[in-house]
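[1] Task: produce atomic coordinates for the following.
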Amino acid sequence: MEILLYGATELGYMLAQRLYQEHSITLIDDLKKLPDRFNNLDLSFVGGSGANIEALEQANVNKCELFIACSTLDEANIVACWTVKKIVDIETICFIHTLELYKNLASPKKDRYLTRYDIDTIIWPQQLLTRDIFRIISVPDAIDVEYLAEGRAKLFEYRIKEDSILQDRRVMDCSFPPEVLIVGITREHQLFIPNGSTIIKKDDKAIFMGTNSAMDRLAAEIFRSSENTKTAVLIGGGSVGFMLAKKLEQRGIQVKIIEHDQARCEFLADNLKNSLILHGNGTDLELLEGESVDDADVVVCITNNDEKNLLCSLLVKQLDPARRIITRVNNARRGQLFEKVGIDVTVSPRDSALKELLNRVQARNVDILALVEGGQGEVLHLTLPENFPETRVIDLKFEVQAIIGIIKRRRNLLVPNGSTVLQAGDKLNIFTMAEDAETVKTLFA
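    As a prediction, the model looks like this:
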């Protein structure tokens, strides 16, 4: 696919790095300010603005199939998409960062005024990040949560602690609930797919897939996390903090928000029903102690500043090393650093946005349901074609690392074993390594 990308930003680099090996990418932006790391990718470059017709023509926009606007300015992204639509009728994807613009562009009311210049897809990373944090909070002790098969199956990721009954045991010797598979393990930041003889070690991050009821039993029996989250402290009352507080209120969770901006505190107090709003700085240790932040079931550090999020997290850990902390990381490369100093869960708006965008680029019968470990692993959703011959799972010729975790067959949900027979029309959820995803798709084409 010919893709035109506007914006030599951190997000733009992540997108280009992920797409350039499978697609032809042209990047348009001010080349004088182009970060050096872009030169390591096989891209074409055009100097100028995505809203400049001459620059777009120079980039051969007429031959492109997709335009992605991800500069730092929302207005520039919007105008660029509109300008492209004036030249050629191709799909446009626009990244924005403000609630007001998202409401205007994604509101159902916009359908009253449809034109050929409308942007096809609006992606607001903060909204996707809020959804991901809420899912993690909903499952105590989990460090990642994804819903599969229209919400009837789940993916959980857990860190193996010192007191875990799984530590130092082979996978084949572990008594997981029926309809649960362990599909991945991350050890020292490297993801791999285990086999029966793999020994689970302390500090491993283990990834499980299964039906809802089976995964709930896994959480209660293996990870002893049957207690629901009842209290949460949010450090940062920006758009993510506000949206997350509303979701937590609806779940009946008691929320405290620490926000340093007085005007923002007044907004939060006026628009949240049951949350306690505290005007102060999340790096103030006396404030954290005085408000008993360490007594909350979970603390979420979600300011716009990575360094402040890290400092807030470390201060909470100082008060209670066992406290569960979820920390926002805007720069994905810092995620591993945060984990090394003891932060339980790191979440990134860019990772959330990347999954959403990759789904728009995939073939129609293939979706990416989840990205794992910063994109090292993927959960693919594939539909077997009508001419697919009946084949036992054990007879599949997997030349790469992959596990079929869930099969949806009409109304039935199956967690397969080697003797399970795949049939045409089956919808598969497959866990695989990112570099092997294309091979897996080809196998089932």
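
[2] Tell me the secondary structure at the residue nearest to the spatial centre of the chain.
    Geometric centre of the chain, nearest residue: residue 352, 3.2 Å, by Cα atoms, centre = their mean. Assigned by DSSP: H, G, I helix; E, B strand; the rest coil, the conformation of residue 352 is helix.

[3] The residue lying farthest from the centre of the chain: what's it in contact with?
    Going by Cα atoms, centre = their mean, the residue of the chain most distant from its centre is residue 54, 35.8 Å out. Applying Cβ atoms under 8 Å, 6 or more residues apart in numbering to residue 54 gives the contacts residue 48. (Glycine included, C-beta is placed from N, CA and C.)

[4] Surely residue 245 and residue 275 touch.
    Yes: counting by Cβ atoms under 8 Å, residue 275 is a contact partner of residue 245 at 4.9 Å.

[5] can you map out the strands along the stretch 301-445 of the chain?
    Assignment of strands within the stretch 301-445 of the chain using DSSP state E, counting those that start in this stretch yields the ranges 324-328, 345-347, 366-372, 377-383, 391-392, 402-409, 412-414, 421-422, 427-433.

[6] can you list the domain ranges for the protein.
    According to automatic domain parsing, the chain comprises the domains 2-123, 142-222, 231-351, 360-443.

[7] Indicate which one of those is closest to residue 132.
    Ranking those by proximity to residue 132 (Cβ to Cβ) places domain 231-351 first, at 5.7 Å.

[8] what about that closest one, how long is it end to end?
    One end of domain 231-351 to the other measures 27 Å (Cα to Cα, to the nearest Å).

[9] Mind giving me the packing neighbours of the host helix or strand of residue 286?
    Using DSSP states H and E, the element containing residue 286 is helix 285-290. For helix 285-290, the packing partners by 3 or more Cβ pairs under 8 Å, 6 or more residues apart in numbering; DSSP states H and E come out as helix 306-319.

[10] got the CA positions of the helix it packs on in CSV?
    Presented in CSV, the C-alpha positions along helix 306-319 are these (Å, rounded to 0.1, in the frame of the first residue of the first chain):
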residue,chain,number,x,y,z
ASP,A,306,6.9,11.4,32.2
GLU,A,307,9.4,12.6,34.8
LYS,A,308,6.7,13.8,37.1
ASN,A,309,4.8,10.5,36.7
LEU,A,310,7.9,8.6,37.6
LEU,A,311,8.6,10.7,40.7
CYS,A,312,5.0,10.4,41.9
SER,A,313,5.2,6.7,41.4
LEU,A,314,8.4,6.3,43.3
LEU,A,315,7.1,8.4,46.2
VAL,A,316,4.0,6.2,46.5
LYS,A,317,6.2,3.2,46.4
GLN,A,318,8.2,4.7,49.3
LEU,A,319,5.0,5.0,51.3
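
[11] distance of residue 443 from residue 213?
    Noted for residue 443: a distance of 30 Å to residue 213, by Cβ to Cβ, to the nearest Å.

[12] Those two: who's more crowded?
    residue 443 (16 against 13; other Cβ atoms under 10 Å).

[13] Quick check, the residue nearest to the centre of the chain in contact with residue 128.
    Yes: counting by Cβ under 8 Å, residue 352 touches residue 128, with 3.7 Å between them.

[14] what residue ranges in this structure score low on pLDDT?
    Residue ranges of the chain with pLDDT under 70: 107-116, 225-227, 332-333, 362-366.

[15] let's see it at 50
    Applying pLDDT under 50 to the chain picks out no residues at all.

[16] residues in contact with the residue nearest to the centre of the chain?
    Residue 352 makes contacts with 125, 128, 129, 131, 132, as judged by Cβ under 8 Å, 6+ apart.

[17] What count of nearby residues applies to the last one?
    Neighbours of residue 132 under the rule other Cβ under 10 Å: 21.

[18] what does the fourth one give?
    Using other Cβ under 10 Å, residue 131 has 14 neighbouring residues.

[19] can you tell me the helix or strand for it?
    helix 125-138.

[20] That helix vs strand 366-372, what angle?
    Computed by axes from the mean of the first three to the mean of the last three Cα atoms, to 10 degrees, the angle separating helix 125-138 from strand 366-372 equals 60 degrees.

[21] just so I have it, where are all the helices in the protein?
    Taking DSSP state H, the helices of the chain run over residues 10-19, 53-58, 74-87, 99-106, 125-138, 212-217, 239-250, 262-271, 285-290, 306-319, 335-340, 349-361, 437-443.

[22] Take those and write them to JSON lines, including distance to residue 379.
    Formatted as JSON lines, the helices of the chain follow (distance: least, Cβ to Cβ, whole Å):
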{"stretch": "helix 10-19", "distance to residue 379": "16"}
{"stretch": "helix 53-58", "distance to residue 379": "36"}
{"stretch": "helix 74-87", "distance to residue 379": "29"}
{"stretch": "helix 99-106", "distance to residue 379": "25"}
{"stretch": "helix 125-138", "distance to residue 379": "14"}
{"stretch": "helix 212-217", "distance to residue 379": "14"}
{"stretch": "helix 239-250", "distance to residue 379": "23"}
{"stretch": "helix 262-271", "distance to residue 379": "35"}
{"stretch": "helix 285-290", "distance to residue 379": "37"}
{"stretch": "helix 306-319", "distance to residue 379": "27"}
{"stretch": "helix 335-340", "distance to residue 379": "19"}
{"stretch": "helix 349-361", "distance to residue 379": "10"}
{"stretch": "helix 437-443", "distance to residue 379": "10"}
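
[23] can you tell me which of the ones you listed comes nearest to residue 297?
    helix 125-138 (8.5 Å).

[24] Now do the buried residues in that closest one.
    By neighbour count with 16 or more other Cβ atoms under 10 Å, helix 125-138 contains the buried residues 125, 126, 127, 128, 129, 130, 132, 133, 134, 135, 136, 137.

[25] Now for the last one: which residues touch it?
    This points to residue 137. Applying Cβ under 8 Å, 6+ apart to residue 137 gives the contacts 229, 232, 248, 253, 298, 300, 326.

[26] Highest neighbour count among those residues?
    residue 300 (31 neighbours).

[27] Which strand residues bridge it?
    Counting by DSSP bridges, residue 300 forms beta bridges with residue 234, residue 326.

[28] do the same with residue 255
    residue 232.

[29] what about it, how many residues close to it?
    Residues lying near residue 255 (other Cβ under 10 Å) number 23.

[30] Hmm, residue 378 is touching residue 438, no?
    No: using Cβ under 8 Å, residue 378 is not in contact with residue 438; the gap is 10.5 Å.
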